[in-house]
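>>> Model the structure of this input:
(2 chains)
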Amino acid sequence: MTAADLHRPAPEAAPPPAAGPVPGWLRLAWLYLVSRRAPAAVAVLAGLGAVLWTSLHWHWDVAGGAAARQAIPLSVEAGAAMVIAVTCYGPFGEPERATGRWLPYLRLGAAVLLTAVAFGALAAGAAAGGLPDGILALLRNVTGMIGTGLLAAAILGGALGWAAPLVYLVLAEGALANGATTPWAWPARPPHDLGGALCAGVVFAAGLLATTVRGARESVRD
Amino acid sequence: MTATSVPVRPAPQASRAVPLGLARLLRVELRRNAMPFVLPLIALVFWFDSYRIAATMPPLWAERLFYIFGQGHSLIDFAPFVAGVAAWVGSRDGRRGLTDLLTTSVRPRFAVQFATWAATTIWAVVGYLVMMAATLWALSRPITYGAPPYWPLAVGAVGVAAFSAAGFAAGAFFPTRFTAPVAAFGALLACGTSSQIGFHEGSGWSLILPTNSNNNFGQDAGVFYQFLPDLPVARVMFLAGIAVALIALLGVPVTAGGRRMRRTATVVCAAGAALAITAVALATTATVSSYGAVIPALHDAANDRPIPYTPVCASAGIRVCVQPAYRPWLAEVSAALRPVAAQLSGLPGGPARTAQVASLFAVRGQPDLGPASGPVQIATISGQPAVLYLPLGAMNLPGAFGLRRADFLDAIKLQTVHAFVVAGSGYSNPAQVAVEAALMKNAGIPLATQVTTAWPPSPWRLPFAATGSGRGPRSQADYPAQLASAATRFAALPAATRHAWLASHLAALRAGQLTLAQLP
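Alright, predicted model coming up:
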C-alpha cells in the first residue's frame, strides 16, 4: 500500500456516511454535546425540575424566616448550576484544543443551551405554584448561579466547577438570614430589582466568557 | 559503563513489599488529590456560615460552640463538599474506562480504592481539624472559664470521614461526571433534613443526628456541670459504623479482589452496619437528666459530679453571687436586681441574698406551668433568711441569638418579682399581675412596654391573654384598662405606703384572695 492508496478507502472499510439531511455543523454540535454528557445533564435537570415541582406542590416547609422559605428553591437552582458546571469538563484535552477551531462556539452554545434547558425545567417545576418571588427571580437566580459554576469550571477545573454554586448557595442563604441588601446576594433582592439582576447577569456573562475563551481548566489532580 | 555493568537492584522482600507499596500508593494519592483545592472554599463557607456568627456570641463555651458543635454546622459546612470531591475521586477509574485494567493489575482493586479514599479522607479530616483548632483558638480569646467539649469535635471529624465514604462509594458504584454534584446535593439535603429534625425533636432515634442540640448541648454545660459525652460517643459509633460499612462495601464485588479479601470485606461491612444500628438503638434508650441526655449503657457516673467553684459576689442592696464564668455579667445582674430588691427589702419572703443556680436540661420540683410552657426553669425564693435562686442560663445572656441587654435585665426583674408575688407559679390573678406590673414599673420597665417586651419571653401566660404560643400574651399589646389603672395607682403610692400595704396584705395577695378593687 502506498500513500496514494490512502485517497481511496480500503475495500474492507465501512462506507462513508451517506450525505443526509443533517448538516455537518449540527453533527459536530451534537457530538460535542454528547462528549460533555449533555443528554444526561438534561435528564438530571428534568429531575431537579420534578423535585421543585414536588416541593412546591406538597408544601415542603423549612422552619425559619426568609432564608428558610427560599432554602428548597435555591438548593434546586444551585443543583442545576452544579450540573451545568460539570458539563464543561472535556475528556479529550490537548487534541481537542489543537484541532477544534469551532471549540469556543461549541462551548458557548452548549452553555447557553443547557442554561435555557435548566430554566425551562425549573420553570416547569415552578408551575406547581407558590414559588417565592416568582419566575423572574428564578431566571435571575439560576443564571447567576450557573455563572458562578462556569467561572469555577474555568478557574478550578471542570471537575470541581460544581463547588462554586454550592458555596454561593450557602452565602446567599446567609445573606437572606441576615437581611443583607448587597446586589451580589441577588436571591436576597426583590424580583424586579435592577441591581440584583445586573449582578447576576454580569456573573453569568463572565462565566460564559471564561468558559468560551478558555474552556474548563484541566488539572492533573482530576 | 554498559547496561550489563549496572548493579542489579535487590528485589524487595515479599513481606515488606505490600505495606511499602500501599504506603507509596497512599503518598501518590495524597499528592494528586483534589481535596486541597476545595479546602479554601470550605474555609470560606465555614467562616461565613459558622465562625462569623459564633464569634458574636457571649464568651461562654456552651454559647459560642452552640452553632458550630451543638447544631452541627461545622459538619454541615464540610459534608457537601467532602461528599462531592470524594465522589469525583471515587468515580475516576470508571469515568476513564480503567476499571478492567485495574482489576487485572497485581494489586487488588479494593486496595487501590482504599488508598484513594484514605488520601481523600486524610485531607478532609486534617483540614477539618486544622480549621476547628484555629476556630477554638480564636473563639477562646475572650473566654475566661472552662474548656471546650472535645467529643463533639470527634463527632465532626468522624462525620467528615463518613460523608467521604458515602461520596466515594457513590462515585465508585456510579462512575459518571454527575455523581459528584449529585452526591454534594444529596449531602446538602441530608444535612438540611437532619438540621430540621434537630430543631424540634429531643428524644428517640433523632438524638443520633449530629445536628440535634436538644437535650444535649447548651444550658449551663461546661460551667456548672460537664458536657455529658454519652450522645457524642453514640454519634461517633454511628458515623464510624456508616463509614466502615460503606468502604467495606467496595470490597464485596467480584472485581474487588480475592475470595478471602471479599469475605473479610463482607464481614467488616456487616460489622460496620451493626455498629451504626447499635448506636441508633443506644440513642433510643437515652433519658434526659438535669445535665443532659444520658445513655445508661455508655454513662459514666463520674460525669454527674458538678464542677466545683467559688462564687464571685457583688452588692445590689442585697448580696448577689454568681458562678465565676458569669463574672462579665455580674454588674448587669446587680443593676437589674437593685431596684427590685429595694422595693422588697424587709418584706416577708423578700430575698436577703441572691445565688445563681445552674440552668438545667430537665427541671424537677418546679411549679407546673401547664403543657404549653414546656420545660422551663424559673427563679425561686426559699430558706430563712430568704434566698433568691436565680438561673441565668448561657442561652439567655445579652448578645445570644440577638438578645438585647434590656431584655436580659427585664427578664431578671420579672423573674424576681414573680418569684416574690406568686412563688413562681403559672397563674396570676389580676390583682397579682397588677402588683407585679407596679413593681416592675418602679424597677424601670414602663407599663406600656411590659406586655410586649417583658412578658413574652417568660414562661408565664397572663390570664387575659386571648391566644399566644404559651410564652406570654403576644397577641395583646397592653394590659386591660382596669388592670393598668390599678397598677399605675399602686406604683404611684409613696414607697413607704406601698411597703406597708404589701407587708400587711402579702399573704392574701399570694393566696389569690384579693381583687383589683381591693388594691390601694
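
>>> alpha carbons only for contacts and neighbour counts from here, please
Noted.

>>> what does whichever strand or helix holds B:Gln432 rub up against?
B:Gln432 is part of helix B:430-442 when elements are defined by DSSP states H and E. When contacts are taken as C-alpha atoms under 8 Å, 6 or more residues apart in numbering or on different chains, the neighbours of helix B:430-442 outside the stretch itself are B:339-340, B:343, B:413-414, B:417-418, B:421-422, B:446-447, B:450, B:462-463, B:483-484, B:486-488, B:490-491, B:509-510, B:512, B:514-516, B:519.

>>> May I see the PyMOL selection of the buried members of the residues you listed?
To isolate the buried ones among the contacts of helix B:430-442 in PyMOL, judged by 16 or more other C-alpha atoms under 10 Å in any protein chain shown, type:
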select buried, chain B and resi 339+340+343+413+414+417+418+421+422+447+450+462+483+484+486+487+488+490+491+509+510+512+514+516+519
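
>>> Next step: the contacts of helix B:430-442 restricted to strands.
Using DSSP state E, the subset of the contacts of helix B:430-442 located in strands is empty.

>>> out of the contacts of helix B:430-442, which are inside helices?
With helices defined by DSSP state H, the entries of those inside them are B:339-340, B:343, B:413-414, B:417-418, B:421-422, B:447, B:483-484, B:486-488, B:490-491, B:509-510.

>>> related to what we said a few turns ago, filter the contacts of helix B:430-442 down to the ones near chain A?
Among those, no residue lies close to chain A (C-alpha under 8 Å from any C-alpha of the partner chain).

>>> Which helix in chain B has the most residues?
The single longest helix within chain B, with elements called by DSSP H, is helix B:109-140.

>>> which parts of it are buried?
Residues of helix B:109-140 classed as buried: B:109-125, B:127-129, B:131-132, B:135-136, B:139-140 (neighbour count, 16+ other C-alpha under 10 Å).

>>> quick one: contacts of stretch B:397-417?
Residues beyond stretch B:397-417 that count as contacts (C-alpha under 8 Å, 6+ apart) turn out to be B:56-58, B:63, B:332-333, B:335-337, B:340, B:378-380, B:388, B:390, B:395-396, B:424, B:436, B:439-440, B:443, B:445, B:453-455, B:457-458.

>>> Restricted to strands, list those residues.
Residues of the contacts of stretch B:397-417 located in strands (DSSP E): B:380, B:388, B:390.

>>> now the residues you listed in JSON lines, with pLDDT?
Listed next are the ones in strands among the contacts of stretch B:397-417 as JSON lines, based on pLDDT from 0 to 100:
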{"residue": "B:Thr380", "pLDDT": "86"}
{"residue": "B:Leu388", "pLDDT": "91"}
{"residue": "B:Leu390", "pLDDT": "90"}
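
>>> what distance separates the worst-scoring helix or strand of chain A on mean pLDDT from the centre of its chain?
Within chain A, judged by mean pLDDT, DSSP states H and E, the helix or strand with the poorest mean is helix A:94-99; its value is a mean of 72. Going by C-alpha atoms, centre = their mean, to the nearest Å, the spacing between the C-alpha centre of helix A:94-99 and its chain's C-alpha centre is 23 Å.

>>> same check, this time on stretch B:78-89
With C-alpha atoms, centre = their mean as the basis, stretch B:78-89 stands 25 Å off its chain's centre.

>>> pretty sure A:Leu28 is in a helix, no?
Yes: secondary structure assignment (DSSP: H, G, I helix; E, B strand; the rest coil) places A:Leu28 inside a helix.

>>> neighbours around B:Gly258, how many?
Around B:Gly258 sit 15 other residues, with neighbours defined as other C-alpha atoms under 10 Å in any protein chain shown.

>>> Distance of it relative to chain A?
29 Å (C-alpha to the nearest C-alpha, to the nearest Å).

>>> so that residue sits right up against B:Pro108, yeah?
Yes: the pair B:Gly258 / B:Pro108 is scored as a contact, 7.4 Å apart, by C-alpha atoms under 8 Å.

>>> does B:Val223 really touch B:Ala147, like I thought?
No: with contact taken as C-alpha under 8 Å, B:Val223 and B:Ala147 are classed as non-touching, separated by 9.1 Å.

>>> Which of the two has more residues huddled nearby?
Neighbour tally, B:Val223 and B:Ala147, criterion other C-alpha under 10 Å: the higher count belongs to B:Val223, 26 against 15.

>>> got the residue ranges for the strands in the stretch 101-250 of chain B?
When assigned using DSSP state E, counting those that start in this stretch, the stretch 101-250 of chain B turns out to have no strands.

>>> Indicate the residue of it located nearest to chain A.
B:Pro181 (5.8 Å; C-alpha to the nearest C-alpha).

>>> Tell me, what's the model's pLDDT at that residue?
At B:Pro181, the model reports a pLDDT of 92.

>>> Quick check: residues of the stretch 101-250 of chain B near chain A?
Taking C-alpha under 8 Å from any C-alpha as the test, the list of the stretch 101-250 of chain B residues beside chain A reads B:177-178, B:180-182, B:185, B:196.

>>> run the last query once more with 10 Å
In this structure, the stretch 101-250 of chain B approaches chain A at residues B:176-182, B:184-186, B:188-189, B:192-193, B:195-197, B:199-200, judged by C-alpha under 10 Å from any C-alpha of the partner chain.

>>> tell me the contacts of the closest residue to B:Ala157 other than its chain neighbours?
Here the nearest residue to B:Ala157 in space, its sequence neighbours aside, is B:Val125; by C-alpha to C-alpha, 6 or more residues apart in numbering or on different chains that works out to 5.7 Å. For B:Val125, the contact set (C-alpha atoms under 10 Å, 6 or more residues apart in numbering or on different chains) comprises B:78, B:82, B:119, B:131, B:156-161, B:164.

>>> Tabulate the residues you listed in JSON lines, adding columns for pLDDT and distance to B:Val236.
Supplementary listing: these in JSON lines, determined by pLDDT from 0 to 100; distance: C-alpha to C-alpha, whole Å:
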{"residue": "B:Phe78", "pLDDT": "95", "distance to B:Val236": "16"}
{"residue": "B:Val82", "pLDDT": "96", "distance to B:Val236": "18"}
{"residue": "B:Ala119", "pLDDT": "96", "distance to B:Val236": "21"}
{"residue": "B:Met131", "pLDDT": "96", "distance to B:Val236": "19"}
{"residue": "B:Gly156", "pLDDT": "95", "distance to B:Val236": "8"}
{"residue": "B:Ala157", "pLDDT": "96", "distance to B:Val236": "9"}
{"residue": "B:Val158", "pLDDT": "97", "distance to B:Val236": "6"}
{"residue": "B:Gly159", "pLDDT": "96", "distance to B:Val236": "8"}
{"residue": "B:Val160", "pLDDT": "97", "distance to B:Val236": "11"}
{"residue": "B:Ala161", "pLDDT": "97", "distance to B:Val236": "11"}
{"residue": "B:Ser164", "pLDDT": "97", "distance to B:Val236": "15"}
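
>>> tell me which of these is nearest to A:Leu150?
Proximity to A:Leu150 was ranked across the contacts of B:Val125 by C-alpha to C-alpha; first place goes to B:Val82, at 20.4 Å.
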